[in-house]
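# Task: produce atomic coordinates for the following.
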Amino acid sequence: MATGFLQDAVDLCADALTDANIVWAHDPGQVRPKCVMIELPDFTVFARAVADIRIRLRVCGFPPGNKAANDYILTTVDEIIHSTPIVIESGSPGTADYGNQQLPTYDLVARIGTNNR
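Down below sits the predicted model:
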């Protein structure tokens with residue numbers, strides 16, 4: 001199992017989604033419609049002690065991306081923004097390929113700061 005400050009950031013997102021009763025996956029093989037894929041983090045390190053971490057949270061709807069799928073996606077995005085401690089920097093609609101199916105998504109960028117001292 002992974003350890004360290006990057007895994008801690010992923011765990012923070014996973015724990016917050018779990019507490020909000022939002023289904024999530026961290027393994028592309030486990031992604032299904034109506035879940036949030038927690039992508040691997042991007043990061044910038046300053047002076048080896050402070051890191052600025054960004055994690056893409058991909059809210060996955062069900063194909064073909066009709067009104068019902070969009071309603072689920074928008075409601076889940078709202079829940080993440082207003083019902084979790086996750087700080088969302090930005091978001092944009094998109095699509096993603098998981099399990100040989102193209103899913104409608106809303107890609108959120110969560111921003112996490114850490115001090116590694």
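# residues contacting the residue nearest to residue 61 when sequence neighbours are not counted?
Of all residues not flanking residue 61 in the chain, residue 69 sits nearest, at 3.5 Å (CB to CB, 6 or more residues apart in numbering). Yep, even glycine has a C-beta here, placed from its N, CA and C like the rest. Residue 69 is in contact with 33, 61, 62, 63, 104, counting by CB atoms under 8 Å, 6 or more residues apart in numbering.
# ok, 10 Å please
Contact analysis of residue 69 by CB atoms under 10 Å, 6 or more residues apart in numbering lists 33, 34, 60, 61, 62, 63, 103, 104, 105.
# got the phi/psi numbers for the first one?
Okay, so that is residue 33. When read as degrees, to the nearest 10, the backbone of residue 33 gives phi -60, psi 150.
# Likewise for the fourth one?
In this entry, residue 61 is assigned phi and psi values of phi -90, psi -170 (degrees, to the nearest 10).
# Is it in contact with residue 101, as I believe?
No - Residue 61 is beyond contact range of residue 101, at 11.3 Å (criterion: CB atoms under 10 Å).
# who touches both of those two?
residue 33.
# Give me the three-state assignment for residue 69.
When classified by DSSP: H, G, I helix; E, B strand; the rest coil, residue 69 comes out as helix.
# What does the pLDDT read for it?
Looking at residue 69, its pLDDT stands at 94.
# What distance do you get for the residue nearest to residue 61 to residue 42?
From residue 69 across to residue 42, the span is 27 Å (CB to CB, to the nearest Å).
# do the same with residue 70
From residue 70 to residue 42 the distance is 27 Å (CB to CB).
# just to revisit the earlier point, if you count what's nearby, which of residue 61 and residue 101 comes out ahead?
Neighbour count, other CB atoms under 10 Å: between residue 61 and residue 101, residue 61 has more, with 24 against 14.
# and the closest residue to residue 83 other than its chain neighbours, what is it in contact with?
Once flanking residues are discounted, residue 83 sits nearest to residue 20: 4.9 Å by CB to CB, 6+ apart. When contacts are counted by CB under 10 Å, 6+ apart, residue 20 is found next to 36, 76, 79, 80, 82, 83, 84, 85, 86.
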